Every structure is written in C-alpha cells, then in structure tokens.
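Asker: Have a look; sequence and predicted model below, questions after that.
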Amino acid sequence: MPATQNKSPVTVAALYHFTRFEDPAALRAPLLALCEEVGVRGTLLLAREGINGTIAGSENAIARVLGHIRALPGCADLDVKFSHAEAMPFNRTKVRLKREIVTMGEPDIDPTQSVGRYVAPEDWNALITDPDTIVIDTRNDYEVAIGTFRGAVDPHTASFREFPQWFRDHREELLEGKKKVAMFCTGGIRCEKSTSFLRQEGIEEVYHLKGGILKYLEEVPENESEWDGECFVFDERVSVGHGLELGKHGLCRACRRPVSEADMASPDFVEGVSCPHCIAERSEEQRARYAERQRQEDLARKRGAEHVGARPPGKK
C-alpha cells in the first residue's frame with residue numbers, strides 16, 4: 001500500500017494483470033460483494049485473459065480488496081499504481097465480465113507469452129530522445145489532445161481497436177530509418193497488447209513504459225520531464241499532471257471528452273449537455289435528454305443524494 005504520509009482521505013488504485021481465469025464469472029460475485037461491503041467504488045473488468053480496473057476507497061478498504069485480488073489464480077504479483085483524491089472519484093461499484101480486459105480485437109495476441117521490453121520511468125527519457133527510436137502514443141485521440149510526450153506520434157484513433165490496422169497501414173513510413181519502437185499509454189495495459197501485437201508483426205526491438213504515464217508523472221521530476229500537458233484519467237479527477245496533482249480539465253457529461261478551461265468558457269459548453277467537441281455531433285433531442293439528466297443530478301446533489309442515472313466516468 002502507499003505510504004500514509006498523504007493525508008487525502010481517498011486512495012485510488014489503478015491495476016491490471018494478465019493471467020488465465022478459467023471461469024471469470026465465478027469470480028465476479030465475491031469480488032463485487034467485498035467492494036460493496038468495504039465501501040470501495042470504481043470499475044473492475046474480468047475476462048479469461050485477466051483483470052483490469054480502477055477503484056477508490058479508504059486505505060484499509062483498498063488493502064482488503066487488493067488482498068482478495070492477489071489471492072485469485074495467477075495474481076499474486078499484481079502491480080498497482082496508487083494516487084490520492086480529496087473526494088470519492090467514482091459514483092458506483094461495478095465488476096463486469098468482458099471478452100477482453102482491454103479491447104483490441106486481435107484474438108491471437110497473448111501478453112503472457114510475448115510483450116515488449118519494459119523501460120523504467122527513470123530510463124524512459126534516454127530511449128525516447130534517441131534518434132533511432134520512433135515513439136508512439138497508443139491512447140485515443142481525445143486523450144492525446146490534452147497531453148503527450150514530446151515528439152510522440154499520434155495515431156488519431158478513436159478507439160484502441162483501430163490501432164492494429166493503423167499500424168499496418170503506416171508501418172513502412174513509421175519504421176523508415178528507425179531501429180526501435182517505444183510505446184506508452186496511461187497505466188501500461190494497452191501497451192501490453194500493442195507491444196505483443198508488434199512482436200507478432202515481426203518487430204523485434206519494441207519497448208514500453210513500465211507503469212505507464214501515471215508512473216512516469218509520479219516519479220520523474222517536472223524539470224526533467226519530456227511530458228507536455230496533462231494525462232486523462234477515467235474518473236472524476238478527469239486529468240492529472242506531474243506528481244499526480246489534480247489537473248485543470250473538466251469533463252463533458254454529454255460526450256465524455258475532457259474539456260479545457262477555454263472549452264468551458266465557450267458558449268457551446270453547457271454543463272451536462274454539450275461542449276465545443278460534441279455540439280455538432282448531437283441532435284436537439286439528445287441535448288434535451290442530457291439537460292433533463294443534468295437537472296435530475298443537480299436536484300439529487302442538492303438533496304445530498306446520488307442520482308441513480310449518473311453514468312461512470314469515461315463511458316458513453
């Protein structure tokens with residue numbers, strides 16, 4: 001568990017682990033029951049390939065849930081990235097069954113058999129500033145838009161499922177004159193699959209940032225950093241910066257994209273209804289529904305209750 005020197009009341013734990021679960025459905029109910037018993041919220045995904053998710057609660061509650069997860073088959077060495085929040089960043093508790101814990105749509109990819117070489121945060125700068133290295137951001141376009149590593153290639157993908165075809169389409173131009181491929185994502189999980197995919201495509205020198213952007217921002221001092229901007233996170237914090245300090249971005253509740261201070265000052269931004277990114281994508285009927293949902297949430301908040309229709313962060 002993280003050191004107790006941080007006095008923020010809520011501990012946030014981001015985790016994933018690739019392992020073989022023969023019957024993930026059998027694991028769901030006990031895990032959900034424990035989370036609800038100790039007051040832990042967030043979303044955990046279970047699939048035959050492992051577990052993934054982010055949860056939040058008191059330090060002791062998080063410790064109990066992580067102890068339960070580490071007792072699951074093959075999860076003893078579960079790696080967790082901790083941060084803290086002043087308020088609970090999730091509305092609900094979910095343990096969901098999925099085909100994949102991160103959806104890539106490449107059935108032959110197996111990160112337990114072949115992945116790229118891990119690079120520690122303190123060694124990352126040397127790798128990505130090497131002229132022989134092509135650096136690729138594997139995240140979605142709206143995540144890249146608010147922050148990324150200097151010189152990184154943005155695939156402009158709307159979902160991770162688009163990444164394999166994007167790489168196949170641009171392989172020759174990407175690798176021209178380059179010997180090494182370095183990839184990164186928020187917490188590391190997408191790179192487990194993307195590096196495994198590249199290895200399957202015949203690329204030998206493939207590297208990825210161990211612990212992802214979050215670990216880098218936690219450990220690398222800002223004055224030594226190659227990171228510009230903020231990192232989008234899929235909870236009510238929306239974004240974090242160096243030292244995992246709370247970022248300045250808000251969240252459009254209509255399209256679930258991050259919005260900057262300039263976006264929120266735009267006449268196209270209406271809390272819970274629209275933002276400059278989605279104003280042209282939604283119909284008047286949709287915006288009317290969003291407005292009613294926002295009204296119900298506001299009323300529930302005034303009563304000191306939570307609106308049952310509130311959707312978890314990052315979901316459309």
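Answerer: Great, that's in hand. Just so it is clear, the model here is predicted, and its values are computed rather than measured. Numbering: from 1, shown residues only.
Asker: where's residue 65, which helix or strand?
Answerer: Taking DSSP states H and E as the definition, residue 65 sits inside helix 59-70.
Asker: which sections of this protein are below the confidence cut-off?
Answerer: Flagging of the chain using pLDDT under 70 yields the residue ranges 1-7, 305-316.
Asker: Helices of the chain, residue ranges please.
Answerer: With DSSP state H as the criterion, the chain has helices at 24-38, 59-70, 121-128, 141-144, 163-175, 189-200, 212-219, 261-264, 284-302.
Asker: list the contacts for the residue nearest to residue 10 when sequence neighbours are not counted?
Answerer: In space, and not counting its chain neighbours, residue 10 is closest to residue 85: 4.4 Å by CB to CB, 6 or more residues apart in numbering. C-beta: built from backbone N, CA, C; applies to glycine. By CB atoms under 8 Å, 6 or more residues apart in numbering, the residues touching residue 85 are 8, 10, 12, 56, 236-237, 246.
Asker: how about a cut-off of 7 Å?
Answerer: 8, 10, 12, 56, 237 (CB atoms under 7 Å, 6 or more residues apart in numbering).
Asker: Give me the buried subset of those residues.
Answerer: By neighbour count, with 16 or more other CB atoms under 10 Å, the contacts of residue 85 hold 10, 12, 56, 237 as buried.
Asker: quick one: stretch 100-114 to chain centroid distance?
Answerer: Using CA atoms, centre = their mean, to the nearest Å, the distance from the centre of stretch 100-114 to the centre of the chain it belongs to is 17 Å.
Asker: Straight-line length of that stretch, end to end?
Answerer: With CA to CA, to the nearest Å as the measure, stretch 100-114 spans 17 Å from end to end.
Asker: So for that stretch, what gets flagged as buried?
Answerer: 100-102, 104, 106, 109-111.
Asker: can I get these in JSON lines with distance to residue 211?
Answerer: As requested, the buried residues of stretch 100-114 are exported to JSON lines (distance: CB to CB, whole Å):
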{"residue": "100", "distance to residue 211": "21"}
{"residue": "101", "distance to residue 211": "17"}
{"residue": "102", "distance to residue 211": "16"}
{"residue": "104", "distance to residue 211": "20"}
{"residue": "106", "distance to residue 211": "23"}
{"residue": "109", "distance to residue 211": "21"}
{"residue": "110", "distance to residue 211": "21"}
{"residue": "111", "distance to residue 211": "15"}
